[in-house]
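# Build me a structure from this.
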Amino acid sequence: MPSQPSRELEVFPNPQPDSDYTIRIRIPEFTCLCPKTGQPDFAELHLSYVPDRLCVELKALKNYVWSFREEGAFHEAVTNRILGDLVEATQPRFMRLKAEFNVRGGIYTTVVVEHRAEGWIAPERVDLP
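Next comes the predicted model:
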C-alpha cells in the first residue's frame with residue numbers, strides 16, 4: 001500500500017541511550033501553503049537532536065512532513081509546531097529545527113527553534129584539526 005500523509009510520529013528505542021550523540025536529518029522538500037494567498041511555500045528543514053530514550057522513525061517523519069502540504073501556515077507557526085510535535089513524541093535531550101524558506105517577493109525567511117531538556121548540559125565541543 002502506498003504511503004499517505006499522517007500526523008502520527010512513530011518512535012523507536014534509542015540504541016545508545018547512555019551516549020550523547022547527534023542525529024541530523026535534512027528534509028529538502030517541505031511544503032505548506034501561505035495562509036494569506038493559498039500559494040505554496042517551499043522550505044528545507046534541518047533537524048538536529050540529541051536523543052534520550054527515543055528516536056523518530058524516518059518514514060513516519062516523511063509522512064508527517066507531507067501532511068502539511070495542503071495546510072496554510074505562517075513560517076514561524078509551522079516551524080514551532082513541528083518542533084513541538086517532535087519534542088512531544090521523542091522527549092529528546094536537545095532538539096533544534098531550522099526551516100529555510102525559499103524566496104517569496106524577494107524575501108527569504110529562516111526560522112530556528114530549539115528545545116533543551118531540563119537539567120541537560122551539552123558536552124563540550126571538540127574541534128579537530
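
# Make sure G84 is indeed in a helix.
Yes - under DSSP: H, G, I helix; E, B strand; the rest coil, G84 falls within a helix.

# shaky segments in this structure?
Within the chain, the ranges that satisfy pLDDT under 70 run 1.

# can you rerun that using 90?
1-3, 104-105, 123, 125 (pLDDT under 90).

# How are the helices of it distributed by residue range?
According to DSSP state H, the chain carries its helices in the segments 58-66, 75-90.

# Include mean neighbour count and distance to E118 when you put those helices into JSON lines, please.
Bear in mind the C-beta positions are built from the backbone N, C-alpha and C, glycine included. Below are these laid out as JSON lines (neighbours: other CB atoms under 10 Å; distance: least, CB to CB, whole Å):
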{"stretch": "helix 58-66", "mean neighbour count": "17", "distance to E118": "25"}
{"stretch": "helix 75-90", "mean neighbour count": "18", "distance to E118": "12"}
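
# what does stretch 97-114 contact?
With CB atoms under 8 Å, 6 or more residues apart in numbering as the contact definition, stretch 97-114 has outside contacts at 30, 34, 41-47, 75-76, 78-80, 82-83, 86, 94-96.

# If we go by neighbour counts, what in that stretch is buried?
L97, K98, A99, E100, F101, T109, V111, V113 (16 or more other CB atoms under 10 Å).

# And for stretch 4-13?
For stretch 4-13, the neighbour count (16+ other CB under 10 Å) marks L9, E10, V11 as buried.
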